[in-house]
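Enquirer: Next input, structure requested:
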Amino acid sequence: MEMVEDAAREEGARKIRPRSFFTRKIEGKSKEKGLEVPQQILSFLDQPFETFREEDKRFYEEKVKPLFDQLSELLLEVFDQIGRPEEGWEESTKLMPDCPAKVVAMLALYRFRRQAGGEDDPLKVLDQPLQVPPPPARQERTSTQPAARRTVKPSPEKPKPKWWEKKIF
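Expert: Next comes the predicted model:
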């Protein structure tokens with residue numbers, strides 16, 4: 001009986017989820033343009049990747065992922081309408097859990113930066129070999145250099161009274 005209640009609670013938690021800013025903007029922009037985005041997909045955008053089950057993964061790969069280009073175009077239009085706040089857009093994605101809506105929002109930001117000519121393809125970085133900076137040169141201590149010593153301040157004989165210890169009268 002307990003397992004049934006846990007499963008029902010988990011299923012209820014999966015269905016009742018407030019929509020993120022990005023999902024609400026996608027929904028509003030799609031209605032404005034007369035596009036039909038199914039509510040199942042809109043609800044799915046805010047579901048964290050860590051809660052995906054096998055059927056969720058399949059749904060994500062087959063139904064949601066192919067729509068990323070169109071959804072990011074809608075968000076790119078919203079981005080232009082609100083004044084292109086790159087830093088605020090990026091900060092708000094950092095506050096979100098890893099979910100499809102976050103991926104679409106970052107894709108829209110990437111597309112904007114690419115159009116502006118400010119950012120290269122992020123996948124090119126993965127193709128380049130990792131460059132590790134050389135370790136800093138060590139200085140060998142010679143016998144003429146003394147070891148660094150810490151000095152401790154002597155405590156004053158009569159400590160300064162604290163504000164709460166002062167006599168009022």
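
Enquirer: Where does the closest residue in space to residue 85 that isn't next to it in sequence sit: helix, strand or coil?
Expert: In space, and not counting its chain neighbours, residue 85 is closest to residue 79: 8.0 Å by Cβ to Cβ, 6 or more residues apart in numbering. Where C-beta positions appear, they are placed from N, C-alpha and C, glycine not excepted. Taking DSSP: H, G, I helix; E, B strand; the rest coil as the rule, one finds residue 79 in the helix state.

Enquirer: quick one: contacts for residue 79?
Expert: Neighbour list for residue 79: 85, 89, 108, 109, 112 [criterion: Cβ atoms under 8 Å, 6 or more residues apart in numbering].

Enquirer: filter the residues you listed to the buried ones?
Expert: 89, 108, 109, 112 (16 or more other Cβ atoms under 10 Å).

Enquirer: Over to the first one. Which of the three states is it?
Expert: Counting by three-state DSSP, the backbone at residue 89 sits in helix.

Enquirer: so it makes contact with residue 104?
Expert: No. Using Cβ atoms under 8 Å, residue 89 is not in contact with residue 104; the gap is 11.9 Å.

Enquirer: possible to save the buried ones among the contacts of residue 79 as JSON lines with pLDDT, distance to residue 67 and secondary structure?
Expert: Output for the buried ones among the contacts of residue 79, formatted as JSON lines (pLDDT from 0 to 100; distance: Cβ to Cβ, whole Å; DSSP: H, G, I helix; E, B strand; the rest coil):
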{"residue": "89", "pLDDT": "84", "distance to residue 67": "20", "secondary structure": "helix"}
{"residue": "108", "pLDDT": "89", "distance to residue 67": "13", "secondary structure": "helix"}
{"residue": "109", "pLDDT": "87", "distance to residue 67": "18", "secondary structure": "helix"}
{"residue": "112", "pLDDT": "86", "distance to residue 67": "19", "secondary structure": "helix"}
